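> Quick check, what structure comes out for this input:
(one chain, ligands or ions: 1)
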Amino acid sequence: MKIVNPYSGAVVADVAADTARSVAAKYARARAAQPRWAAVPMKRRLDAIAKFRAAIVAREDELARTLTLEVGKPIRQSRNELKGLLGRIDFFLEEAAGTLRDEKVLDDKNGKLEERISHEPLGVIANISAWNYPYFVGSNVFVPALIAGNAVLYKPSEFATLTGLHIAEMLHEAGVPRDVFVPVTGTGVTGGALLRQPIDGVFFTGSYGTGVKIAAAAAKRLIKVQLELGGKDPTYVCEDVDVKTAAAGIADGAFYNTGQSCCSVERIYVHESIHDAFVDAFVAEVKGYRIGDPLDESTYIGAITRRPQLDVLRRQVADAKRKGAKVATGGHTIKGRGNWFAPTVLTDVDHSMMVMREESFGPIIGIQSVADDAAAVDLMNDTEYGLTAGVYTTDERRAKKLLAQVNSGSVYWNCCDRVSPRLPWSGTGHSGVGLTLSTYGIQTFTRPKAWHLREM
Ligand code: NAD
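Numbers count the residues shown, from 1 in each chain. This next block holds a predicted model:
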(Lines give C-alpha, C1' and ligand atoms only; values in the text may rest on other atoms or scores of the structure.)
Protein backbone atom coordinates (compact mmCIF):
# COMPACT_ATOMS: atom_id res chain seq x y z
CA MET A 1 0.00 0.00 0.00
CA LYS A 2 1.48 3.34 -1.00
CA ILE A 3 0.94 6.20 1.45
CA VAL A 4 0.69 9.39 -0.61
CA ASN A 5 1.06 12.93 0.72
CA PRO A 6 -2.15 14.68 -0.43
CA TYR A 7 -0.37 18.04 -0.39
CA SER A 8 2.47 17.19 -2.75
CA GLY A 9 1.42 13.90 -4.34
CA ALA A 10 4.74 12.37 -3.14
CA VAL A 11 4.88 8.80 -1.82
CA VAL A 12 5.57 8.98 1.92
CA ALA A 13 5.85 5.26 2.66
CA ASP A 14 5.12 1.77 1.42
CA VAL A 15 3.21 -0.38 3.91
CA ALA A 16 2.27 -4.06 3.71
CA ALA A 17 -1.49 -4.57 3.67
CA ASP A 18 -3.11 -7.48 5.48
CA THR A 19 -4.54 -10.36 3.48
CA ALA A 20 -7.64 -12.40 4.28
CA ARG A 21 -5.27 -15.05 5.72
CA SER A 22 -3.30 -12.69 7.93
CA VAL A 23 -6.55 -11.13 9.18
CA ALA A 24 -7.84 -14.59 10.17
CA ALA A 25 -4.57 -15.35 11.98
CA LYS A 26 -4.72 -12.02 13.84
CA TYR A 27 -8.31 -12.73 14.85
CA ALA A 28 -7.35 -16.16 16.23
CA ARG A 29 -4.54 -14.67 18.32
CA ALA A 30 -6.85 -11.94 19.65
CA ARG A 31 -9.50 -14.51 20.56
CA ALA A 32 -6.96 -16.57 22.51
CA ALA A 33 -5.53 -13.52 24.29
CA GLN A 34 -8.76 -11.73 25.28
CA PRO A 35 -9.74 -13.74 28.38
CA ARG A 36 -6.28 -13.22 29.92
CA TRP A 37 -6.58 -9.45 29.30
CA ALA A 38 -10.05 -9.35 30.84
CA ALA A 39 -8.64 -11.11 33.92
CA VAL A 40 -5.90 -8.48 34.38
CA PRO A 41 -6.90 -6.18 37.28
CA MET A 42 -8.55 -2.96 36.07
CA LYS A 43 -5.78 -0.93 37.69
CA ARG A 44 -3.14 -2.48 35.42
CA ARG A 45 -5.25 -1.89 32.32
CA LEU A 46 -5.65 1.76 33.38
CA ASP A 47 -1.89 2.03 34.02
CA ALA A 48 -1.21 0.90 30.45
CA ILE A 49 -3.52 3.59 29.06
CA ALA A 50 -1.84 6.20 31.29
CA LYS A 51 1.53 5.16 29.81
CA PHE A 52 0.04 5.45 26.31
CA ARG A 53 -0.99 9.01 27.23
CA ALA A 54 2.56 9.79 28.38
CA ALA A 55 3.96 8.49 25.05
CA ILE A 56 1.66 10.86 23.15
CA VAL A 57 2.98 13.78 25.17
CA ALA A 58 6.60 12.71 24.67
CA ARG A 59 6.26 12.13 20.91
CA GLU A 60 3.87 14.99 20.06
CA ASP A 61 6.03 16.62 17.37
CA GLU A 62 6.78 13.40 15.52
CA LEU A 63 3.16 12.19 15.69
CA ALA A 64 1.78 15.53 14.49
CA ARG A 65 4.21 15.56 11.57
CA THR A 66 3.24 12.04 10.47
CA LEU A 67 -0.45 12.90 10.65
CA THR A 68 0.08 16.04 8.58
CA LEU A 69 2.17 14.20 5.98
CA GLU A 70 -0.38 11.48 5.38
CA VAL A 71 -3.71 13.35 5.63
CA GLY A 72 -2.67 16.93 4.71
CA LYS A 73 -3.99 18.40 7.98
CA PRO A 74 -2.37 21.74 8.89
CA ILE A 75 0.36 21.03 11.47
CA ARG A 76 -1.16 23.25 14.16
CA GLN A 77 -4.43 21.35 13.82
CA SER A 78 -2.57 18.02 14.06
CA ARG A 79 -1.05 19.19 17.34
CA ASN A 80 -4.47 20.41 18.53
CA GLU A 81 -5.85 16.93 17.87
CA LEU A 82 -3.11 15.35 19.99
CA LYS A 83 -3.67 17.89 22.79
CA GLY A 84 -7.44 17.29 22.67
CA LEU A 85 -6.82 13.57 22.83
CA LEU A 86 -5.20 13.93 26.27
CA GLY A 87 -8.43 15.33 27.72
CA ARG A 88 -10.40 12.41 26.33
CA ILE A 89 -7.96 9.88 27.77
CA ASP A 90 -8.10 11.65 31.15
CA PHE A 91 -11.89 11.36 31.11
CA PHE A 92 -11.71 7.61 30.51
CA LEU A 93 -8.99 7.16 33.15
CA GLU A 94 -11.11 9.04 35.71
CA GLU A 95 -14.51 7.53 34.93
CA ALA A 96 -13.97 3.95 33.73
CA ALA A 97 -13.46 2.17 37.04
CA GLY A 98 -16.57 3.72 38.62
CA THR A 99 -18.69 3.21 35.51
CA LEU A 100 -17.74 -0.45 35.14
CA ARG A 101 -18.00 -1.36 38.85
CA ASP A 102 -20.54 -4.06 39.72
CA GLU A 103 -23.83 -2.59 40.92
CA LYS A 104 -25.92 -4.11 43.71
CA VAL A 105 -29.52 -3.24 42.77
CA LEU A 106 -31.32 -5.29 45.45
CA ASP A 107 -30.15 -6.37 48.89
CA ASP A 108 -33.15 -8.12 50.50
CA LYS A 109 -31.85 -9.46 53.81
CA ASN A 110 -35.19 -11.06 54.81
CA GLY A 111 -35.68 -12.81 51.50
CA LYS A 112 -31.93 -13.60 51.43
CA LEU A 113 -31.92 -12.32 47.87
CA GLU A 114 -29.36 -10.16 46.17
CA GLU A 115 -29.47 -8.80 42.62
CA ARG A 116 -26.39 -7.44 40.89
CA ILE A 117 -25.30 -6.15 37.49
CA SER A 118 -21.78 -6.76 36.23
CA HIS A 119 -20.29 -5.22 33.09
CA GLU A 120 -18.70 -7.94 30.98
CA PRO A 121 -16.42 -7.18 28.03
CA LEU A 122 -17.95 -7.98 24.65
CA GLY A 123 -14.90 -10.09 23.69
CA VAL A 124 -13.05 -9.46 20.42
CA ILE A 125 -14.23 -6.35 18.62
CA ALA A 126 -13.40 -4.74 15.29
CA ASN A 127 -12.71 -1.00 15.25
CA ILE A 128 -12.89 0.19 11.63
CA SER A 129 -11.90 3.81 11.57
CA ALA A 130 -11.83 7.04 9.54
CA TRP A 131 -8.87 9.27 8.59
CA ASN A 132 -10.12 12.79 9.33
CA TYR A 133 -9.45 12.71 13.09
CA PRO A 134 -7.74 9.35 13.49
CA TYR A 135 -6.60 9.97 17.08
CA PHE A 136 -10.04 11.17 18.20
CA VAL A 137 -12.32 8.70 16.46
CA GLY A 138 -9.96 5.79 17.13
CA SER A 139 -9.41 6.47 20.82
CA ASN A 140 -13.14 7.02 21.43
CA VAL A 141 -13.41 3.31 20.73
CA PHE A 142 -10.19 1.50 21.54
CA VAL A 143 -9.38 3.26 24.83
CA PRO A 144 -12.64 2.42 26.66
CA ALA A 145 -12.85 -0.94 24.85
CA LEU A 146 -9.40 -1.97 26.12
CA ILE A 147 -10.08 -0.66 29.63
CA ALA A 148 -13.27 -2.74 29.69
CA GLY A 149 -11.27 -5.91 28.91
CA ASN A 150 -11.89 -6.37 25.18
CA ALA A 151 -9.37 -7.33 22.52
CA VAL A 152 -9.44 -4.85 19.62
CA LEU A 153 -8.73 -5.53 15.96
CA TYR A 154 -8.07 -1.97 14.84
CA LYS A 155 -8.26 -1.07 11.18
CA PRO A 156 -7.15 2.49 10.63
CA SER A 157 -8.27 4.15 7.42
CA GLU A 158 -5.93 3.43 4.52
CA PHE A 159 -5.40 7.23 4.47
CA ALA A 160 -4.15 7.26 8.09
CA THR A 161 -2.20 4.00 8.21
CA LEU A 162 1.06 5.41 9.57
CA THR A 163 -0.83 7.09 12.41
CA GLY A 164 -2.59 3.79 13.10
CA LEU A 165 0.75 2.01 13.32
CA HIS A 166 2.11 4.70 15.69
CA ILE A 167 -0.93 4.15 17.91
CA ALA A 168 -0.30 0.39 17.98
CA GLU A 169 3.39 0.83 18.77
CA MET A 170 2.64 3.21 21.66
CA LEU A 171 -0.06 0.96 23.14
CA HIS A 172 2.24 -2.09 22.94
CA GLU A 173 5.12 -0.25 24.56
CA ALA A 174 2.68 0.92 27.25
CA GLY A 175 1.91 -2.69 28.18
CA VAL A 176 -1.14 -3.64 26.11
CA PRO A 177 -0.26 -7.11 24.71
CA ARG A 178 0.33 -7.32 20.95
CA ASP A 179 -2.50 -9.84 20.57
CA VAL A 180 -4.94 -7.65 22.53
CA PHE A 181 -4.57 -4.50 20.43
CA VAL A 182 -3.95 -5.67 16.89
CA PRO A 183 -3.55 -3.27 13.96
CA VAL A 184 -5.00 -4.49 10.66
CA THR A 185 -3.85 -2.51 7.64
CA GLY A 186 -5.49 -2.12 4.25
CA THR A 187 -8.44 -0.74 2.34
CA GLY A 188 -12.13 -1.62 2.48
CA VAL A 189 -11.23 -5.07 1.17
CA THR A 190 -9.29 -5.73 4.38
CA GLY A 191 -12.19 -4.25 6.34
CA GLY A 192 -14.47 -6.77 4.61
CA ALA A 193 -12.13 -9.63 5.57
CA LEU A 194 -12.20 -8.44 9.18
CA LEU A 195 -15.99 -8.54 9.21
CA ARG A 196 -15.96 -12.17 8.08
CA GLN A 197 -14.23 -13.19 11.34
CA PRO A 198 -16.49 -14.33 14.21
CA ILE A 199 -16.05 -11.05 16.09
CA ASP A 200 -18.33 -9.99 18.95
CA GLY A 201 -18.96 -6.44 17.79
CA VAL A 202 -18.05 -3.87 15.18
CA PHE A 203 -17.49 -0.20 15.96
CA PHE A 204 -17.28 1.81 12.79
CA THR A 205 -16.55 5.46 11.99
CA GLY A 206 -16.91 6.56 8.39
CA SER A 207 -19.37 7.41 5.66
CA TYR A 208 -23.06 6.54 5.49
CA GLY A 209 -22.49 4.39 2.37
CA THR A 210 -19.86 2.22 4.04
CA GLY A 211 -21.87 2.13 7.27
CA VAL A 212 -24.78 0.52 5.44
CA LYS A 213 -22.42 -2.14 4.02
CA ILE A 214 -21.01 -2.84 7.50
CA ALA A 215 -24.51 -3.22 8.96
CA ALA A 216 -25.49 -5.58 6.11
CA ALA A 217 -22.33 -7.68 6.57
CA ALA A 218 -23.00 -8.03 10.31
CA ALA A 219 -26.79 -8.48 10.07
CA LYS A 220 -26.98 -12.27 10.15
CA ARG A 221 -24.47 -12.55 12.97
CA LEU A 222 -26.52 -10.65 15.57
CA ILE A 223 -23.47 -8.87 16.96
CA LYS A 224 -23.31 -5.35 18.31
CA VAL A 225 -23.00 -2.84 15.45
CA GLN A 226 -22.19 0.76 16.19
CA LEU A 227 -21.99 3.28 13.34
CA GLU A 228 -20.71 6.85 13.63
CA LEU A 229 -21.39 8.36 10.23
CA GLY A 230 -21.53 11.63 8.36
CA GLY A 231 -23.47 14.84 8.78
CA LYS A 232 -24.93 17.89 7.06
CA ASP A 233 -24.84 20.05 10.13
CA PRO A 234 -26.84 23.31 10.20
CA THR A 235 -26.41 26.53 12.12
CA TYR A 236 -29.07 29.24 12.40
CA VAL A 237 -28.02 32.85 13.02
CA CYS A 238 -30.67 35.04 14.64
CA GLU A 239 -30.93 38.80 14.05
CA ASP A 240 -29.82 39.76 17.61
CA VAL A 241 -26.18 38.58 17.37
CA ASP A 242 -22.97 40.49 16.95
CA VAL A 243 -22.55 39.69 13.26
CA LYS A 244 -18.75 39.76 13.13
CA THR A 245 -18.30 37.50 16.16
CA ALA A 246 -20.89 35.00 14.93
CA ALA A 247 -19.43 34.99 11.41
CA ALA A 248 -15.89 34.34 12.67
CA GLY A 249 -16.99 31.48 14.97
CA ILE A 250 -19.17 29.79 12.36
CA ALA A 251 -16.56 30.16 9.58
CA ASP A 252 -14.08 28.35 11.83
CA GLY A 253 -16.70 25.64 12.43
CA ALA A 254 -17.15 25.25 8.68
CA PHE A 255 -13.52 25.42 7.50
CA TYR A 256 -11.43 24.00 10.37
CA ASN A 257 -9.70 20.76 9.28
CA THR A 258 -10.35 22.06 5.74
CA GLY A 259 -14.04 21.30 6.25
CA GLN A 260 -13.29 17.58 6.66
CA SER A 261 -14.97 17.06 10.03
CA CYS A 262 -18.06 14.95 10.59
CA CYS A 263 -19.48 17.89 12.60
CA SER A 264 -18.28 20.71 10.33
CA VAL A 265 -20.95 23.34 9.84
CA GLU A 266 -22.27 22.46 6.36
CA ARG A 267 -25.38 24.69 6.11
CA ILE A 268 -25.96 28.21 7.43
CA TYR A 269 -29.37 29.86 7.77
CA VAL A 270 -29.40 33.56 8.54
CA HIS A 271 -32.30 35.77 9.55
CA GLU A 272 -33.12 37.91 6.50
CA SER A 273 -32.69 41.19 8.40
CA ILE A 274 -28.94 40.59 8.89
CA HIS A 275 -28.27 38.31 5.91
CA ASP A 276 -26.21 40.72 3.81
CA ALA A 277 -24.14 42.00 6.73
CA PHE A 278 -23.49 38.42 7.85
CA VAL A 279 -22.41 37.31 4.36
CA ASP A 280 -20.01 40.27 4.09
CA ALA A 281 -18.41 39.49 7.48
CA PHE A 282 -18.29 35.75 6.73
CA VAL A 283 -16.66 36.17 3.31
CA ALA A 284 -14.11 38.63 4.71
CA GLU A 285 -13.19 36.06 7.36
CA VAL A 286 -12.83 33.23 4.82
CA LYS A 287 -10.74 35.38 2.46
CA GLY A 288 -8.30 35.85 5.35
CA TYR A 289 -7.62 32.10 5.67
CA ARG A 290 -4.11 31.08 4.74
CA ILE A 291 -3.91 28.20 2.28
CA GLY A 292 -0.59 26.44 1.89
CA ASP A 293 1.91 23.78 2.88
CA PRO A 294 0.27 21.91 5.78
CA LEU A 295 3.67 21.71 7.50
CA ASP A 296 3.81 25.52 7.63
CA GLU A 297 2.77 26.81 11.08
CA SER A 298 0.67 29.61 9.58
CA THR A 299 -1.43 27.40 7.27
CA TYR A 300 -5.14 27.17 8.12
CA ILE A 301 -6.53 25.48 4.98
CA GLY A 302 -4.70 22.25 4.10
CA ALA A 303 -5.09 19.63 1.40
CA ILE A 304 -8.15 17.53 0.56
CA THR A 305 -7.16 14.09 1.83
CA ARG A 306 -8.99 11.93 -0.73
CA ARG A 307 -8.58 13.00 -4.35
CA PRO A 308 -12.08 11.82 -5.48
CA GLN A 309 -13.58 14.33 -3.04
CA LEU A 310 -12.48 17.11 -5.40
CA ASP A 311 -15.06 15.81 -7.90
CA VAL A 312 -17.79 15.89 -5.23
CA LEU A 313 -16.95 19.52 -4.42
CA ARG A 314 -16.79 20.52 -8.11
CA ARG A 315 -20.16 18.82 -8.76
CA GLN A 316 -21.82 20.56 -5.81
CA VAL A 317 -20.61 24.00 -6.95
CA ALA A 318 -21.68 23.41 -10.59
CA ASP A 319 -25.11 22.13 -9.50
CA ALA A 320 -25.65 25.13 -7.20
CA LYS A 321 -24.59 27.63 -9.87
CA ARG A 322 -26.87 26.01 -12.43
CA LYS A 323 -29.79 26.39 -10.03
CA GLY A 324 -29.12 30.09 -9.28
CA ALA A 325 -26.55 30.21 -6.46
CA LYS A 326 -23.87 32.89 -6.43
CA VAL A 327 -20.21 32.18 -5.65
CA ALA A 328 -19.14 34.79 -3.09
CA THR A 329 -15.59 33.41 -2.97
CA GLY A 330 -13.72 30.33 -4.22
CA GLY A 331 -15.68 27.72 -6.18
CA HIS A 332 -12.75 26.00 -7.90
CA THR A 333 -9.82 23.64 -7.44
CA ILE A 334 -6.36 25.12 -7.05
CA LYS A 335 -3.76 23.92 -9.54
CA GLY A 336 -0.82 21.93 -8.23
CA ARG A 337 0.31 18.34 -7.77
CA GLY A 338 -1.71 17.75 -4.64
CA ASN A 339 -5.45 17.94 -3.90
CA TRP A 340 -6.57 21.52 -3.39
CA PHE A 341 -9.92 23.26 -3.31
CA ALA A 342 -10.34 26.98 -2.65
CA PRO A 343 -12.45 27.85 0.42
CA THR A 344 -15.87 28.44 -1.09
CA VAL A 345 -18.92 30.41 0.05
CA LEU A 346 -22.17 30.06 -1.90
CA THR A 347 -25.14 32.38 -1.38
CA ASP A 348 -28.70 32.36 -2.79
CA VAL A 349 -28.79 28.63 -2.15
CA ASP A 350 -31.87 26.49 -1.45
CA HIS A 351 -32.73 22.89 -0.69
CA SER A 352 -33.04 21.89 -4.35
CA MET A 353 -29.22 22.04 -4.45
CA MET A 354 -26.84 19.20 -3.60
CA VAL A 355 -24.71 21.55 -1.51
CA MET A 356 -27.57 21.93 1.00
CA ARG A 357 -28.49 18.22 1.06
CA GLU A 358 -25.42 16.01 0.56
CA GLU A 359 -22.37 15.86 2.80
CA SER A 360 -19.65 18.07 1.23
CA PHE A 361 -16.75 17.09 3.50
CA GLY A 362 -14.59 19.91 2.21
CA PRO A 363 -14.06 23.69 2.37
CA ILE A 364 -17.43 24.73 0.96
CA ILE A 365 -20.54 26.19 2.57
CA GLY A 366 -23.98 27.46 1.53
CA ILE A 367 -25.67 30.44 3.25
CA GLN A 368 -29.47 30.73 2.98
CA SER A 369 -31.70 33.60 4.10
CA VAL A 370 -34.72 32.73 6.28
CA ALA A 371 -37.76 34.79 7.30
CA ASP A 372 -38.26 33.52 10.85
CA ASP A 373 -37.47 30.87 13.48
CA ALA A 374 -40.12 28.43 12.25
CA ALA A 375 -38.66 28.44 8.74
CA ALA A 376 -35.17 27.94 10.16
CA VAL A 377 -36.23 24.90 12.21
CA ASP A 378 -38.00 23.36 9.18
CA LEU A 379 -34.89 23.76 7.05
CA MET A 380 -32.54 22.51 9.75
CA ASN A 381 -34.63 19.34 10.05
CA ASP A 382 -34.94 18.91 6.27
CA THR A 383 -32.07 16.40 6.08
CA GLU A 384 -31.43 12.68 6.22
CA TYR A 385 -28.62 13.31 8.70
CA GLY A 386 -28.73 14.38 12.36
CA LEU A 387 -25.30 14.74 13.93
CA THR A 388 -25.17 18.31 15.30
CA ALA A 389 -27.03 21.62 14.95
CA GLY A 390 -26.50 25.09 16.38
CA VAL A 391 -28.26 28.38 17.05
CA TYR A 392 -26.57 31.76 17.49
CA THR A 393 -28.59 34.28 19.49
CA THR A 394 -28.19 36.38 22.62
CA ASP A 395 -31.52 34.97 23.90
CA GLU A 396 -30.92 31.73 25.83
CA ARG A 397 -34.64 30.85 26.07
CA ARG A 398 -35.13 31.29 22.35
CA ALA A 399 -32.06 29.11 21.66
CA LYS A 400 -33.27 26.33 23.95
CA LYS A 401 -36.77 26.42 22.44
CA LEU A 402 -35.35 26.10 18.93
CA LEU A 403 -32.77 23.45 19.80
CA ALA A 404 -35.45 21.33 21.49
CA GLN A 405 -37.17 21.07 18.10
CA VAL A 406 -34.03 20.06 16.20
CA ASN A 407 -33.52 16.41 15.44
CA SER A 408 -29.83 15.74 16.05
CA GLY A 409 -27.48 13.96 18.46
CA SER A 410 -25.81 17.16 19.72
CA VAL A 411 -27.07 20.76 19.84
CA TYR A 412 -25.07 23.96 20.34
CA TRP A 413 -25.92 27.43 21.60
CA ASN A 414 -23.42 30.03 20.33
CA CYS A 415 -20.83 27.39 19.44
CA CYS A 416 -20.31 24.67 16.81
CA ASP A 417 -17.94 21.89 15.68
CA ARG A 418 -17.44 20.90 19.32
CA VAL A 419 -17.06 17.49 20.99
CA SER A 420 -16.81 16.89 24.74
CA PRO A 421 -15.61 13.66 26.37
CA ARG A 422 -18.25 14.17 29.08
CA LEU A 423 -21.18 14.19 26.63
CA PRO A 424 -22.45 11.33 24.44
CA TRP A 425 -21.49 11.59 20.77
CA SER A 426 -24.25 10.17 18.60
CA GLY A 427 -26.38 10.86 15.56
CA THR A 428 -29.89 10.31 14.26
CA GLY A 429 -30.91 9.04 10.80
CA HIS A 430 -28.01 8.64 8.37
CA SER A 431 -25.60 9.96 11.01
CA GLY A 432 -25.58 6.55 12.63
CA VAL A 433 -26.56 4.32 15.53
CA GLY A 434 -24.99 3.94 18.96
CA LEU A 435 -22.63 6.37 20.65
CA THR A 436 -19.16 7.01 21.97
CA LEU A 437 -17.87 9.24 24.81
CA SER A 438 -19.49 10.03 28.17
CA THR A 439 -19.99 7.22 30.65
CA TYR A 440 -22.50 5.66 28.19
CA GLY A 441 -19.57 5.44 25.76
CA ILE A 442 -17.68 3.32 28.29
CA GLN A 443 -20.57 0.97 29.01
CA THR A 444 -21.17 0.49 25.29
CA PHE A 445 -18.13 -1.83 25.14
CA THR A 446 -19.67 -4.13 27.72
CA ARG A 447 -22.65 -6.39 28.11
CA PRO A 448 -24.63 -6.07 31.35
CA LYS A 449 -24.90 -9.44 33.08
CA ALA A 450 -27.75 -9.99 35.55
CA TRP A 451 -26.96 -11.87 38.79
CA HIS A 452 -29.85 -13.35 40.85
CA LEU A 453 -28.23 -14.59 44.08
CA ARG A 454 -30.33 -16.37 46.72
CA GLU A 455 -28.82 -17.79 49.90
CA MET A 456 -30.11 -21.28 50.83
P1 NAD B 1 -15.15 5.57 4.60
O2 NAD B 1 -16.53 5.09 4.83
O3 NAD B 1 -14.69 5.72 3.19
O4 NAD B 1 -14.09 4.60 5.29
C5 NAD B 1 -14.10 4.34 6.68
C6 NAD B 1 -13.39 3.02 6.96
O7 NAD B 1 -14.14 1.93 6.41
C8 NAD B 1 -11.97 2.92 6.36
O9 NAD B 1 -11.14 2.31 7.31
C10 NAD B 1 -12.21 2.02 5.14
O11 NAD B 1 -11.05 1.30 4.75
C12 NAD B 1 -13.28 1.07 5.67
N13 NAD B 1 -14.11 0.42 4.64
C14 NAD B 1 -14.45 0.89 3.41
N15 NAD B 1 -15.26 -0.01 2.78
C16 NAD B 1 -15.43 -1.07 3.63
C17 NAD B 1 -16.15 -2.30 3.56
N18 NAD B 1 -16.89 -2.61 2.50
N19 NAD B 1 -16.09 -3.13 4.62
C20 NAD B 1 -15.37 -2.81 5.73
N21 NAD B 1 -14.67 -1.67 5.84
C22 NAD B 1 -14.69 -0.79 4.81
O23 NAD B 1 -15.02 6.94 5.38
P24 NAD B 1 -13.78 7.94 5.49
O25 NAD B 1 -13.58 8.62 4.17
O26 NAD B 1 -12.62 7.27 6.14
O27 NAD B 1 -14.32 9.01 6.54
C28 NAD B 1 -15.13 10.09 6.20
C29 NAD B 1 -16.56 9.89 6.67
O30 NAD B 1 -16.55 9.57 8.05
C31 NAD B 1 -17.41 11.12 6.55
O32 NAD B 1 -18.69 10.77 6.09
C33 NAD B 1 -17.47 11.65 7.97
O34 NAD B 1 -18.58 12.48 8.23
C35 NAD B 1 -17.49 10.38 8.75
N36 NAD B 1 -17.05 10.58 10.13
C37 NAD B 1 -17.97 10.48 11.14
C38 NAD B 1 -17.59 10.69 12.45
C39 NAD B 1 -18.58 10.61 13.59
O40 NAD B 1 -18.15 10.61 14.74
N41 NAD B 1 -19.88 10.55 13.36
C42 NAD B 1 -16.26 11.01 12.75
C43 NAD B 1 -15.36 11.10 11.71
C44 NAD B 1 -15.76 10.87 10.40
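
> OK, contacts around Lys51?
Listed by CB atoms under 8 Å, 6 or more residues apart in numbering, the contact set of Lys51 reads 173-175. No exception for glycine: its C-beta is placed from N, CA and C like everyone else's.

> For PyMOL, write a command that selects the buried ones of those residues.
Restricted to buried positions by 16 or more other CB atoms under 10 Å, the PyMOL selection for those reads:
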select buried, resi 174+175
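
> So which residues on the stretch 351-456 of the chain come close to the ligand?
Listed as neighbours of the ligand in the stretch 351-456 of the chain under the rule CB under 6 Å from any ligand atom: 359, 361, 387, 425, 427, 432.

> circling back to that earlier point, could you export the contacts of Lys51 as CSV, including secondary structure and pLDDT?
Converted to CSV, the contacts of Lys51 look like this (DSSP: H, G, I helix; E, B strand; the rest coil; pLDDT from 0 to 100):
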residue, secondary structure, pLDDT
Glu173, helix, 98
Ala174, coil, 98
Gly175, coil, 98
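
> can you tell me which of the contacts of Lys51 are up against the ligand?
Among the contacts of Lys51, none lies close to the ligand by the criterion of CB under 6 Å from any ligand atom.

> re the thing from before, which one of the residues of the stretch 351-456 of the chain next to the ligand sits closest to Thr299?
Nearest to Thr299 among these: Phe361, at 19.2 Å, using CB to CB.

> Quick check: bridge partners of Ile125?
Ile125 has the following beta-bridge partners by DSSP bridges: Val152, Gly201.

> mind listing what it touches?
By CB under 8 Å, 6+ apart, the contact set of Ile125 is 145, 150-153, 199-203, 224, 445.

> Show me which of the residues you listed is closest to the ligand.
Comparing the contacts of Ile125 against the ligand with CB to the nearest ligand atom places Val202 closest, at 8.6 Å.

> and the closest residue to that closest one other than its chain neighbours, what pLDDT?
Spatial nearest neighbour of Val202, excluding adjacent residues (CB to CB, 6 or more residues apart in numbering): Ala126 at 4.6 Å. With respect to pLDDT, Ala126 scores 98.

> Show me which residues of this protein are close to the ligand?
Within the chain, the positions lying close to the ligand (CB under 6 Å from any ligand atom) are 128-133, 137, 155, 157-158, 187-188, 191-192, 195, 205-207, 210, 213-214, 228-231, 262, 359, 361, 387, 425, 427, 432.

> I'd like the list of the residues you listed that fall within strands, please.
Among those, the subset assigned to strands under DSSP state E consists of 128, 155, 205, 228, 425, 432.

> For those, work out which two are farthest apart.
Greatest spatial distance in these: Lys155 and Trp425, 20.0 Å, computed using CB to CB.

> Who has more neighbours out of those two?
More crowded of Lys155 and Trp425, by other CB atoms under 10 Å: Lys155, with 28 against 25.

> residues in contact with the more buried one?
Counted by CB under 8 Å, 6+ apart, Lys155 has contacts 126-129, 164, 183-186, 190-191, 194.

> any chance of the contacts of Lys51 in TSV, plus distance to Leu402?
Formatted as TSV, the contacts of Lys51 follow (distance: CB to CB, whole Å):
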residue	distance to Leu402
Glu173	49
Ala174	45
Gly175	48
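
> Which of the contacts of Lys51 sits closest to Leu93?
Nearest to Leu93 among the contacts of Lys51, with distances taken as CB to CB, is Ala174, at 12.5 Å.

> Kindly supply the PyMOL command isolating those of the contacts of Lys155 that are buried.
For the buried members of the contacts of Lys155, the matching PyMOL selection, counting by 16+ other CB under 10 Å, is:
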select buried, resi 126+127+128+129+164+183+184+185+186+190+191+194
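
> need the contacts of Lys155 in TSV with distance to Asp373, can you?
Supplementary listing: the contacts of Lys155 in TSV, determined by distance: CB to CB, whole Å:
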residue	distance to Asp373
Ala126	43
Asn127	41
Ile128	40
Ser129	38
Gly164	44
Pro183	49
Val184	48
Thr185	49
Gly186	48
Thr190	48
Gly191	43
Leu194	46
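
> Just the strands from the stretch 351-456 of the chain, written as ranges.
Applying DSSP state E, counting those that start in this stretch to the stretch 351-456 of the chain gives strands spanning 364-370, 388-392, 410-413, 425-426, 432-433, 435-436, 446-454.

> quick one: the third one to chain centroid distance?
Read it as strand 410-413. Taking CA atoms, centre = their mean, to the nearest Å, one finds strand 410-413 lying 16 Å from the centre of the chain it belongs to.

> show me where pLDDT drops low in the chain?
Along the chain, no part satisfies pLDDT under 70.

> Determine which stretch of the strands of the stretch 351-456 of the chain is the most buried.
Mean neighbour count (mean count of other CB atoms under 10 Å) peaks for strand 388-392 among the strands of the stretch 351-456 of the chain, with a mean of 29.
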